[in-house]
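Colleague: predicted model, plus sequence, below.
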Amino acid sequence: MMLFSEKTQLNRIIPKAKFMKLAGLSTAVRKEFQNNVDRLILANILRKDTININPGKNLNEIDVFEFLLKEKTISDNLIREIDSAIPKYILFVFKYKDEIQIAISYKEKLASGDKFKVLKIYRSEWQNEESVLLELNGLDLDTVFNGFISQISNGKIEINEEISIKTAIEKSVEIEKLQRKIEQLKNKIKREPQFNRQLMFKNELKQLQQELNKGVANG
């Protein structure tokens, strides 16, 4: 698989123990990493001298980490802890046999130190590695990275001049929360034997659906 040009390729194997120590992974995530990640590779570096795209306000480079997995599963917690701890902007490529999943997160630097807060993680579907494609769109690395988020989110995040990516992501997170609440409430209604409580839940459901419709329309 070659997501990006040969000029970007590094293909440096990173010792797992060294990486886990550097990232300061929790016990649970360290166990998952040790048990399920067969090999970790710094596959590509995207920056001005490798893709001829200028640095952005926030990004000087994008690092592509390739995880060769023993099982076709990886947790959001693993992505979140790595991306929170490492002061780099990362594109995660998970490989299991001949299938690939790409993940990326939107994160913000905390006021003190080099730590980040991950606001949202996006993943592609698992695909045959020959069919995976990411386009390099943008005049600087900020817009390239945001473009990756848009592509990997499968259209959930649309980048335009009228709304910042942070605002777009915050809106999508709120919509997802409302959708989860609506599903939970629908299940409550199905299980509730008392008619008066059903009516109460249905009124709550109606309000949530109105909020959801308003949020989608304003998005």
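Modeller: That came in fine, so what should we check first?
Colleague: so which elements touch the lengthiest helix in the chain?
Modeller: When the chain is parsed with DSSP state H, its longest helix is helix 165-191. Packed against helix 165-191 by the contact rule (3 or more Cβ pairs under 8 Å, 6 or more residues apart in numbering; DSSP states H and E) you find strand 99-109, strand 116-123, helix 141-152, helix 195-218. To be clear about C-beta, it is placed using only N, CA and C from the backbone, and glycine gets the same treatment.
Colleague: what comes up buried for that helix?
Modeller: 165, 168, 169, 171, 172, 175, 178, 182, 185, 189 (16 or more other Cβ atoms under 10 Å).
Colleague: what residues does the closest residue in space to residue 142 that isn't next to it in sequence make contact with?
Modeller: Sequence neighbours aside, residue 56 is the residue nearest to residue 142 in space, at 2.8 Å (criterion: Cβ to Cβ, 6 or more residues apart in numbering). Counting by Cβ atoms under 8 Å, 6 or more residues apart in numbering, residue 56 touches 140, 141, 142, 143, 144, 145.
Colleague: cutoff 7 Å now
Modeller: Listed by Cβ atoms under 7 Å, 6 or more residues apart in numbering, the contact set of residue 56 reads 140, 141, 142, 143.
Colleague: among those, which two are most distant?
Modeller: Spatially, the most separated pair among these is 141 and 143, at 7.5 Å (Cβ to Cβ).
Colleague: hmm, back to that, so the residue nearest to residue 142 is in which element?
Modeller: Assessed by DSSP states H and E, residue 56 sits outside every helix and strand.
Colleague: now the helices and strands packed on helix 165-191 in JSON lines, with mean pLDDT?
Modeller: Putting the helices and strands packed on helix 165-191 into JSON lines (pLDDT from 0 to 100) gives the following:
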{"stretch": "strand 99-109", "mean pLDDT": "93"}
{"stretch": "strand 116-123", "mean pLDDT": "92"}
{"stretch": "helix 141-152", "mean pLDDT": "92"}
{"stretch": "helix 195-218", "mean pLDDT": "85"}
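Colleague: closest one to residue 60 among those?
Modeller: The closest of these to residue 60 is helix 141-152. By Cβ to Cβ, the value is 6.9 Å.
Colleague: other SSEs contacting the closest one?
Modeller: Applying 3 or more Cβ pairs under 7 Å, 6 or more residues apart in numbering; DSSP states H and E, one finds that helix 141-152 contacts strand 62-69, strand 99-109, strand 116-123.
Colleague: what's around residue 35, how many residues?
Modeller: Residue 35: 10 surrounding residues under other Cβ atoms under 10 Å.
Colleague: domain map for the protein?
Modeller: If you go by automatic domain parsing, the domain ranges for the chain are 6-158, 170-218.
Colleague: just name the most buried of those.
Modeller: domain 6-158 (a mean of 16; mean count of other Cβ atoms under 10 Å).
Colleague: show me where the protein dips below the pLDDT cut-off.
Modeller: The chain contains residues with pLDDT under 70 at 1-2, 158-163, 215-219.
Colleague: about what we covered before: closest to residue 13 out of the helices and strands packed on helix 141-152?
Modeller: Evaluated over those, closeness to residue 13 peaks at strand 62-69, with 9.8 Å, by Cβ to Cβ.
Colleague: in PDB, list the C-alpha atoms belonging to that closest one.
Modeller: In PDB, the C-alpha atoms belonging to strand 62-69 read as follows (Å, rounded to 0.1, in the frame of the first residue of the first chain):
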ATOM      1  CA  ILE A  62       1.800  15.300   9.700                       C
ATOM      2  CA  ASP A  63       3.200  11.900  10.800                       C
ATOM      3  CA  VAL A  64       1.700   8.700   9.400                       C
ATOM      4  CA  PHE A  65       1.900   5.800  11.900                       C
ATOM      5  CA  GLU A  66       1.200   2.300  10.600                       C
ATOM      6  CA  PHE A  67       0.000  -0.300  13.100                       C
ATOM      7  CA  LEU A  68       0.300  -3.900  12.000                       C
ATOM      8  CA  LEU A  69      -2.400  -5.700  14.100                       C
END
